[in-house]
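K.L.:
Any chance you could fold what I've pasted below:
(chains A and B)
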Amino acid sequence: MRFLSTLIFYCILAMSPVNALSVGDTLPNISIPELSSNAQKSLASFKGKVMLIDFWGSWCIPCKSSFPQYEKFYGEYGSQGLVILGINEDQTVDPIHEFLATYPVSFPILHDVRKEAAQVFKPSQMPTAFLVDRGGKIVKIYEGFRESEVTQMKNDIEQLLGR
Amino acid sequence: MRSPIFSFFLLSVALASLAGCTVVEPWERGALAAQNMRLSPNDNDEAFRTHVNDSREGTFGGYGLSGGGCGCN
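P.N.:
Below is the predicted model:
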């Protein structure tokens, strides 16, 4: 009985979201293919820039609100050193193109088709955005997207950009 | 008193059933949202059936029609 309860405990432990990246962690050096060109983009290549890494899916309802907002951020702060990367978690590309036709963005979209980024970052929900400073350190994680948090996000980005 | 073989059998069944326990990660939930995972493939048909059940039987729900958990409809 004791053996069985220990086994169940470890099974539950194995299912819990351990080892997820958290605030203070350094950005992992992984490469993900870009949707438009299929060229591998290394996250490390953006070091020295403020990054907003957004995990999203075409089936994710709040992403319909977050995308127009992130596009605004990119338009406003892109020239000042903000890089936004949309890491998509769909299994196929067709729904991604359909989504982007409705909610077009100018920042790069990466297709995490092998789920490597998701396995490393382990976003707790969709969307989840990781704000990374110029040193490559995660300074904030936005789980989900709420209009009420936009001002705070804006302040966080401006602070990292040194405005 | 159960025989060791029977206990082993029970343990094996319990362990085998654990294989069915898995967490669908947030990034995998697109599969659950796919069209072929729905109980009814047709929205209008689903709405009609729900309406009939509601008016004739006083029952509602179970089809997954609309509502994102916000309680606003």
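K.L.:
Contact partners for residue A:75?
P.N.:
Taking Cβ atoms under 8 Å, 6 or more residues apart in numbering or on different chains as the criterion, residue A:75 is in contact with residue A:106. Bear in mind the C-beta positions are built from the backbone N, C-alpha and C, glycine included.
K.L.:
Can you give me the buried ones in the one helix or strand it maps to?
P.N.:
Using DSSP states H and E, residue A:75 sits within helix A:63-77. By neighbour count on 16 or more other Cβ atoms under 10 Å in any protein chain shown, the buried set for helix A:63-77 is A:63, A:66, A:67, A:70, A:71, A:73, A:74, A:77.
K.L.:
Name the nearest residue to the second one, ignoring sequence neighbours.
P.N.:
What it means is residue A:66. Take residue A:66 and drop its neighbours on the chain: the residue closest to it by Cβ to Cβ, 6 or more residues apart in numbering or on different chains is residue A:145, 3.9 Å away.
K.L.:
hang on, the earlier thing: toward the C-terminus, what is the element adjacent to the helix holding residue A:75?
P.N.:
strand A:82-88.
K.L.:
Wondering if that next one reaches chain B at all.
P.N.:
No: against chain B, strand A:82-88 shows no contacts by Cβ under 8 Å from any Cβ of the partner chain, the least distance being 9.2 Å.
K.L.:
Tell me how far that strand lies from the chain's centre.
P.N.:
Strand A:82-88 sits 7 Å away from the centroid of its parent chain (Cα atoms, centre = their mean, to the nearest Å).
K.L.:
isn't there a strand covering residue B:50?
P.N.:
No: Residue B:50: not assigned to a strand; according to DSSP: H, G, I helix; E, B strand; the rest coil it is helix.
K.L.:
measure it to chain A for me?
P.N.:
For residue B:50, the distance to chain A equals 21 Å [Cβ to the nearest Cβ, to the nearest Å].
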